[in-house]
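Visitor: any chance you could fold what I've pasted below:
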Amino acid sequence: MTPVHIPILHAGMHEPFPPVGAAHANGLLAAGGDLSPQRLLDAYRHGIFPWYSRGEPILWWSPDPRTVFATDRVHVPARLQRWLRHCDWSIRADTDFPAVMRACAAPRPRQPTTWITAEMFEAYCVLHELGHAHSIEVYHDERMVGGLYGVAIGRMFFGESMFSTQTNGSKVALIALCRVLHEWGFALLDAQVESTHLTTLGASTMPRSAFVAHVAHACEQSFPPGPWNARWSMLAARDLAR
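Guide: Predicted structure coming up:
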């Protein structure tokens, strides 16, 4: 097997990322560095995100093509729409960010290990405290049954992970987020890598060059960082059936 050579970043230094066009075919761009707020925000502004497993160095990725949701075109399948009309769940934002991250990191039947390491957990909780990382929570009564988290810069949202403890929990969170982001003037939601689950909800792919250009523009648009719990009006899941 031919070894893969990638640039190595150094922790605590302000060295720039390589241009995303230098990424390998699988999207791997660089390794090393750190998960400081400055490094993470710089990565997202350039269409880059971290993804690695315990025991590995930090790996930085920028896949081509990129999977995205146009926030005004999220798809609600007919069967899900019928189910939503009778659903009494509520959707909130930024009421328990750490709990959402822990739920996303929990083992799953086909995913016994997690890439959300203790280091990742701590780094994104710091971003949350700085007003850049946000969680969407779906509640049945007062029990969280689904949710997602990600990073917002300007009017661009970068989805990171989602979870369900009841069927449709993550779908409800994602659909609600797209609806609200559209109202707030966010045109795209980054979903990183294509999957059947995302495609059924309306995700599509776009060339990395177009994605990076959109991100550069959207991140410069004014939308102040800060908690979303006051800005977000609590939604009922049945409202999403419309």
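
Visitor: can you tell me the closest non-neighbouring residue to the residue most central in space within the chain?
Guide: When C-alpha atoms, centre = their mean is applied to the chain, the residue found nearest the centroid is G159 (1.2 Å). Nearest residue to G159, sequence neighbours excluded (C-beta to C-beta, 6 or more residues apart in numbering): G150, at 4.3 Å. Yep, even glycine has a C-beta here, placed from its N, CA and C like the rest.

Visitor: checking H24 next. Helix, strand or coil?
Guide: coil (DSSP: H, G, I helix; E, B strand; the rest coil).

Visitor: ok, back up a step: and the host helix or strand of the residue nearest to G159, what does it pack onto?
Guide: Using DSSP states H and E, G150 sits in strand 143-153. In terms of contacts (3 or more C-beta pairs under 8 Å, 6 or more residues apart in numbering; DSSP states H and E), strand 143-153 is packed against helix 37-45, helix 97-105, helix 118-129, strand 133-140, strand 156-164, helix 169-183.

Visitor: who's in contact with E56?
Guide: By C-beta atoms under 8 Å, 6 or more residues apart in numbering, the contact list for E56 is empty.

Visitor: so how far is L40 from it?
Guide: 17 Å (C-beta to C-beta, to the nearest Å).

Visitor: any low-confidence regions in this protein?
Guide: 1-4, 108-113 (pLDDT under 70).

Visitor: so who does M156 touch?
Guide: M156 neighbours (C-beta under 8 Å, 6+ apart): 44, 186, 188, 190, 214-215, 218-219, 221.

Visitor: and those as CSV, adding distance to F163?
Guide: CSV is the format used below for the contacts of M156 (distance: C-beta to C-beta, whole Å):
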residue, distance to F163
Y44, 21
F186, 22
L188, 22
D190, 18
H214, 27
V215, 25
A218, 26
C219, 27
Q221, 29
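
Visitor: just curious, which of the residues you listed is nearest to T167?
Guide: Of all these, D190 has the smallest distance to T167: 25.2 Å, by C-beta to C-beta.

Visitor: tell me the contacts of the closest one?
Guide: For D190, the contacting residues are 66-68, 150, 156-159, 211, 215, by C-beta under 8 Å, 6+ apart.

Visitor: then W60?
Guide: Contacts of W60 (C-beta under 8 Å, 6+ apart): 9, 17, 28-31, 33, 43, 48-50.

Visitor: try 6 Å
Guide: Going by C-beta atoms under 6 Å, 6 or more residues apart in numbering, W60 touches 29-30, 48, 50.

Visitor: out of those, who's the most crowded?
Guide: Within the contacts of W60, most neighbours by other C-beta atoms under 10 Å means L29, with 25 neighbours.

Visitor: tell me how far it lies from W51.
Guide: Taking C-beta to C-beta, one finds L29 at 11 Å from W51.

Visitor: now swap in L41 and tell me
Guide: Distance of L41 to W51, computed by C-beta to C-beta: 17 Å.

Visitor: same thing with A118?
Guide: As judged by C-beta to C-beta, A118 and W51 stand 16 Å apart.

Visitor: give me the more crowded residue out of these two.
Guide: A direct count of neighbours by other C-beta under 10 Å for A118 and W51 places W51 higher, at 18 against 9.

Visitor: returning to what we had before: in helices only, show me the contacts of M156.
Guide: Among the contacts of M156, the members falling in helices (DSSP state H) are 44, 214-215, 218-219.

Visitor: want to throw those into a markdown table with neighbour count and distance to M101?
Guide: Putting the ones in helices among the contacts of M156 into a markdown table (neighbours: other C-beta atoms under 10 Å; distance: C-beta to C-beta, whole Å) gives the following:
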| residue | neighbour count | distance to M101 |
| --- | --- | --- |
| Y44 | 22 | 17 |
| H214 | 18 | 27 |
| V215 | 23 | 23 |
| A218 | 21 | 24 |
| C219 | 18 | 23 |
